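A.B. asks: after the sequence you'll find the predicted model.
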Amino acid sequence: MRRVFKAWSQCVVDKGLKRYATPDDAIRDKTWKRGGGGNTSHSRRELTTAVADVECKREHNTAGVWWSVLSEERRADLARHRSAYESARRGQETVRDNMREALGIV
């Protein structure tokens, strides 16, 4: 992940924009205008950064690598905590069964 984020970050810088450590850091930049349910005006710099973000993600397969790494981390977590996840799933199944019974769906 560090390598792909570094490549993405350098790509954004190479396009003449601010250096961000990760795409999430770019999204959270306090410079961008917020509010209005998405109907806000956006500065040229914000729009240019958004375009560079997408172009660099495509160029370096940032999202693909990110997805792959997160998936592997989740699989490992599931394996390490299998009994806890199975217990939680049984609890959810009990709640669903009780809801179906209460609603007369059973």
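C.D. replies: Arrived safely. Residues are numbered from 1 along each chain as shown.
A.B. asks: when you work out contacts or count neighbours from here on, use the C-alpha atoms and nothing else.
C.D. replies: Will do.
A.B. asks: worst mean pLDDT across the helices and strands of the protein, which element?
C.D. replies: helix 23-27 (a mean of 92; mean pLDDT, DSSP states H and E).
A.B. asks: which parts of that one are buried?
C.D. replies: 23, 26 (16 or more other CA atoms under 10 Å).
A.B. asks: and for stretch 12-21?
C.D. replies: In stretch 12-21, counting by 16+ other CA under 10 Å, buried: 12, 17, 19, 20.
A.B. asks: what about residue 7, neighbour count?
C.D. replies: For residue 7, the count of nearby residues is 20 (other CA atoms under 10 Å).
A.B. asks: let the chain start at 127 from now.
C.D. replies: All right, first residue 127 from here; so that's residue 133.
A.B. asks: which residues sit in contact with it?
C.D. replies: The neighbours of residue 133, taking CA atoms under 8 Å, 6 or more residues apart in numbering as the test, are residue 186.
A.B. asks: any idea which helix or strand carries it?
C.D. replies: helix 128-140 (DSSP states H and E).
A.B. asks: quick one: residue 176 from residue 217, how far?
C.D. replies: Per CA to CA, to the nearest Å, residue 176 is found 42 Å from residue 217.
A.B. asks: and the two? Which one has more around it.
C.D. replies: Higher neighbour count among residue 176 and residue 217: residue 176, with 16 against 12, using other CA under 10 Å.
A.B. asks: can you tell me the helix or strand for that one?
C.D. replies: helix 170-186.
A.B. asks: for that helix, give the mean pLDDT please.
C.D. replies: For helix 170-186, mean pLDDT rounds to 94.
A.B. asks: what angle sits between it and helix 128-140?
C.D. replies: Using axes from the mean of the first three to the mean of the last three CA atoms, to 10 degrees, the inter-axis angle of helix 170-186 relative to helix 128-140 is 140 degrees.
A.B. asks: following helix 170-186, which helix or strand comes up?
C.D. replies: Remark: after helix 170-186, the chain's next helix or strand is helix 188-206, criterion DSSP H and E.
A.B. asks: any idea of the angle the next helix-or-strand element following that following helix forms with helix 188-206?
C.D. replies: Per DSSP H and E, the first helix or strand lying C-terminal to helix 188-206 is helix 208-229. Angle, helix 208-229 to helix 188-206, by the same axes, to 10 degrees: 90 degrees.
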